[in-house]
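>>> Sharing a model that was predicted from the sequence below.
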Amino acid sequence: MRISRGRRAVTVAAAAGLVVAIASPATADDQGNARGHGGSDDYHLTVMGTTDLHGSALNWDYFKNAEYDDSAHNDVGLAKVSTLVDQVRADKGRTNTLLIDAGDTIQGTSLAYYYAKVEPIGKRVEHPMAAAMNAIGYDAAAVGNHEFNYGIPYLRTFEKQLDFPLLAANALNDASGRPAFQPYTIKTVRPPHGKPVHVGILGLTNPGIAIWDKANVEGKMHFDGLVEQAARYVPEMKRKGADVVVVAAHSGADTSSSYGDTLPFPENAATLVAQQVPGIDAILVGHAHQEIAQRVVTNTATGKPVVLSEPLKWGERLSVFDIDLSFARGRWTVQSVGAQVLNSNTVPEDPKIVQLLAADQQKVVTYVNGVIGTATEAMSAATARYEDTAALDFINYVQAGAVKADLTGADAELPVLSIAAPFNKDAAIPQGDVSVRDIAGLYIYDNTLVGIKLTGAQVKAYLEKSAEYFKAAPSPGTYAAADLTNAVTPTAPNGTPDYNYDVMGGLDQPLTYDIDLAQPVGSRVTGLAYGGVPVTDAQEFVVAINNYRQSGGGNFPGVVGAPVVYNRQVEIRQLLIDWVTQNQVVDPATFSASNPDWRLTSGGEPLAITP
């Protein structure tokens, strides 16, 4: 699809969001234009982009110990991306291309965890993601919110290992008020004719970092709005000679915030940046894990189109922006921008990247396959979104036990509850030997454990918020899971994600409740009881909760200002691994009652749900 600055023409095929392969042959004229020397006053620049790599270096599923695959047969990883990049460079001419990333690079896989916690990166240990991105030849990358999960010193170590800048114009030092990272970079591209083309790349990150990683950034950094900082730096980039302005934004396209109005700046603001900040030509979108081949947004001040593209996640896609410029009166002017995404499953892994990371990969595979205990029976998270399961009961049991063991004084007398979300419906603990990867698959995020105090009324309100995850079921009967889960809400226009649905359980006594889907949102939780006794509004509980949720992620009520009684900065996944290592035997009878603690109903009648 091409967006012309003069006529804004749109082709039907590209507007449909087609995934286009690179391999088609070109005519002689096409080759000339592709290599940047079509007409004497024209130049064709290509900017490629990835986002939300989340530690995906190779096409490997550490939780399954097999090559990655999913229902859509996507492939993942920088080794796949590298092959696509090489194809684009061969087609367009390497000197006519740039490669950028929109953040969330160093967290998300067992590979990322291993080099953060088991063998941390440093002077003698290079991060595999840094090694691969350097080898591929990235020109710049935005900072994502998950970059802060392991703390600022760790992020700075990773930054030093890169051959390209990490950009974040809206991440500011608390002490000085100045940018904590380089706000932008201006790359010089030299066409075969005319003056050099100066390409400004602005990095923007997510304001939600202040909430989600409060323990790591509070008192050190704060995060302003994307629109506000873009409005400051785009004119500066123009004054410094940028002919083209591309933004790498770790922020979704569809305006929304999982934290509601807790912060004055929206979480997902890429479209707002395009609409409200003049002078931007293209935005590489990240954070939302969506596939957007091309979206055209009109800037309200200039009337000019801005092209957005988001290449899904994990290296599954590569965004390609094709930017046509013309040279007149001593300067380059952008005439049109088009975008598409390329699919990683159309190409093999780059053997150079595979070989580069072979030793790292072997270390991690050996680590995650190490046996740490046994399970008396299998546990699966496949149905955890819509029915009580031993898999989530296990998480709640370990979390609540860790918090209770640390309580003192009057707090130690309070009943302890815990929340857990169905992060990974593919997670399964097998009967028999249990490995690190089995446990890691059950808890795929690097959240830490926090203990807070809530009243019975707040527990009820929390569960009502969680119940927004479900669509209505006006009458009893049998429903498909997809017809009940992932409800669309004002803060989740694409459907409430699984990670924003929580199951709550009790430690010493069961916490029991029904979710009546015949009732309106906000009045669905019925029969709430602890140990068989109805929960009163004034009753006090200690609740084990993850740091993402406690700091406002998901915008659950009552938790942000709740008294904190436990916060040792211990990762929940590691707590689960340590529990199995210490106890050796995982027996669901220890933590999962024979009768379900919670259930979905309609008009008080239990629902039957099919996968």
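Good, I have the coordinates.
>>> switch to C-alpha atoms for all contacts and neighbour counts from now on
Noted.
>>> Residue 591 is in contact with residue 393, isn't it?
Yes. If you go by C-alpha atoms under 8 Å, residue 591 and residue 393 touch, sitting 6.2 Å apart.
>>> Compare these two and say which is more crowded by neighbours.
Remark: of residue 591 and residue 393, residue 393 carries more neighbours, 26 against 22, as counted by other C-alpha atoms under 10 Å.
>>> Check the more buried one and give its pLDDT.
Among the per-residue scores, residue 393 holds a pLDDT of 97.
>>> That one: what's it in contact with?
505, 591-592 (C-alpha atoms under 8 Å, 6 or more residues apart in numbering).
>>> same thing with residue 557?
Neighbours of residue 557 in contact, by C-alpha under 8 Å, 6+ apart: 458, 461-462, 465.
>>> Checking my notes, it in a strand, right?
No. Looking at residue 557 with DSSP: H, G, I helix; E, B strand; the rest coil, it is coil, so not inside a strand.
>>> and the gap between it and residue 459?
9 Å (C-alpha to C-alpha, to the nearest Å).
>>> mind giving me the domain split of the chain?
Following automatic domain parsing, one finds the domains of the chain at 3-27+35-364, 371-610.
>>> what are the ranges of the helices in the stretch 251-400 of the chain?
270-276, 351-356, 358-368, 390-404 (DSSP state H, counting those that start in this stretch).
>>> Give the buried residues for the shortest one.
The neighbour-count check on helix 351-356 (16 or more other C-alpha atoms under 10 Å) flags 353-354 as buried.
>>> these two touch, right, residue 420 and residue 504?
Yes. With contact defined as C-alpha under 8 Å, residue 420 counts as touching residue 504 (6.6 Å).
>>> what do those two both touch?
Joint contacts of residue 420 and residue 504 (C-alpha under 8 Å, 6+ apart) are residue 396.
>>> what is the rounded mean pLDDT of stretch 471-491?
96.
>>> Also stretch 214-226?
Mean predicted confidence for stretch 214-226 is 95.
>>> With only the CA atoms kept, save it in PDB.
Provided in PDB are the C-alpha atoms of stretch 214-226 (Å, rounded to 0.1, in the frame of the first residue of the first chain):
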ATOM      1  CA  LYS A 214       7.500   1.000  40.800                       C
ATOM      2  CA  ALA A 215       9.900  -0.800  43.100                       C
ATOM      3  CA  ASN A 216      12.700  -0.500  40.400                       C
ATOM      4  CA  VAL A 217      12.100   3.100  39.200                       C
ATOM      5  CA  GLU A 218      10.500   5.000  42.100                       C
ATOM      6  CA  GLY A 219      12.700   7.900  43.100                       C
ATOM      7  CA  LYS A 220      15.000   7.300  40.100                       C
ATOM      8  CA  MET A 221      13.000   7.800  36.900                       C
ATOM      9  CA  HIS A 222       9.600   9.200  35.900                       C
ATOM     10  CA  PHE A 223       7.800   8.800  32.600                       C
ATOM     11  CA  ASP A 224       5.900  11.600  30.800                       C
ATOM     12  CA  GLY A 225       3.300  11.300  28.100                       C
ATOM     13  CA  LEU A 226       4.300  10.100  24.600                       C
END
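>>> buried sites along that stretch?
214-217, 221-226.
>>> which two from the residues you listed end up farthest apart in space?
Spatially, the most separated pair among those is 215 and 226, at 22.2 Å (C-alpha to C-alpha).
>>> and stretch 290-307, how far apart are its ends?
End to end - C-alpha to C-alpha - stretch 290-307 spans 16 Å.
>>> My guess is residue 270 contacts residue 249. True?
Yes. Contact status for residue 270 versus residue 249: in contact at 6.6 Å, counting by C-alpha under 8 Å.
>>> What ranges does the stretch 401-550 of the chain have for its helices?
Using DSSP H, counting those that start in this stretch, the helices of the stretch 401-550 of the chain run over residues 436-442, 456-466, 547-550.
>>> pretty sure residue 209 contacts residue 149?
No. In this structure, residue 209 is not within contact of residue 149 by C-alpha under 8 Å, at 9.3 Å.
>>> Would you mind telling me which of those two has more residues around it?
A count of neighbours by other C-alpha under 10 Å puts residue 209 above the other of residue 209 and residue 149, at 26 against 23.
>>> which phi and psi does the more buried one have?
phi -50, psi -40 (degrees, to the nearest 10).
>>> any idea how far residue 346 is from it?
Taking C-alpha to C-alpha, one finds residue 209 at 35 Å from residue 346.
>>> could you redo the helices of the stretch 401-550 of the chain as a markdown table and give each row mean neighbour count and distance to residue 170?
Rendered in a markdown table, the data for these read as follows (neighbours: other C-alpha atoms under 10 Å; distance: least, C-alpha to C-alpha, whole Å):
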| stretch | mean neighbour count | distance to residue 170 |
| --- | --- | --- |
| helix 436-442 | 24 | 33 |
| helix 456-466 | 21 | 31 |
| helix 547-550 | 23 | 21 |
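>>> picking up where we left off before, intersection of neighbour lists for residue 270 and residue 249?
283, 285.
>>> Who has more neighbours out of the two?
Of the pair residue 270 and residue 249, residue 249 is the one with more neighbours under other C-alpha under 10 Å, namely 33 against 27.
>>> List the beta-bridge partners for the more buried one.
Beta-bridge partners for residue 249, by DSSP bridges, are residue 204, residue 285.
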